[in-house]
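A.B. asks: what follows is a predicted protein model with its sequence.
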Amino acid sequence: MRTIVFGLIVAVAGMLAISTSDAATGTCQANCVAVERIGDKLLTVWYDAKGVAQDAITVDLPRDARRLSGEKGVGSGYVSPETLNEQQSTQDGGTVDVSQTTYQTTTHIVVVITTTYRNANGNIIDVQVTVLRFEIPGVLD
């Protein structure tokens, strides 16, 4: 059953890869990471060099969460950039790519961090997604 669900998630991600505004890179066919927002879920799927989906990671994201886009601050300046991207080299010749995207609801800030590890040949070895949730001070008091 888990294989069927995984297959369905991967199929949906593949169909939506170029039609969703939250797509990380537009078209994702091989050796890439696709990030799609589907309702109250954020779906991250990574594909190997042959274009085979290796993993699908889902994150709960409130329906009213909006992706911050180029805003310098939220409320009284709680959050600054919309998306941060950084790449670091590893001693084995690979790289670690970190991408951070920030979302806001009326009561919370949600930060989604996607970390991609590539070997020296540039092939994706692993992808991890971390979610940080912060309550906006004074809103729920």
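C.D. replies: Sure thing, it's come through. Numbers count the residues shown, from 1 in each chain.

A.B. asks: ok so Leu132 is a strand residue?
C.D. replies: Yes. Using DSSP: H, G, I helix; E, B strand; the rest coil, the assignment for Leu132 is a strand.

A.B. asks: list the contacts of it.
C.D. replies: Counting by CB atoms under 8 Å, 6 or more residues apart in numbering, Leu132 makes contact with 110-111, 113. Backbone N, C-alpha and C define where each C-beta goes, glycine included.

A.B. asks: repeat for Leu42
C.D. replies: Leu42 makes contact with 22, 35-36, 58-59, 61, 112, according to CB under 8 Å, 6+ apart.

A.B. asks: ok, now with 6 Å
C.D. replies: 59, 61 (CB atoms under 6 Å, 6 or more residues apart in numbering).

A.B. asks: for this structure, which segments count as strands?
C.D. replies: 32-38, 41-47, 53-60, 66-67, 83-89, 95-104, 108-118, 124-135 (DSSP state E).

A.B. asks: tabulate the ones you listed (CSV), appending mean pLDDT.
C.D. replies: Below are these laid out as CSV (pLDDT from 0 to 100):
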stretch, mean pLDDT
strand 32-38, 93
strand 41-47, 95
strand 53-60, 95
strand 66-67, 91
strand 83-89, 79
strand 95-104, 92
strand 108-118, 94
strand 124-135, 95
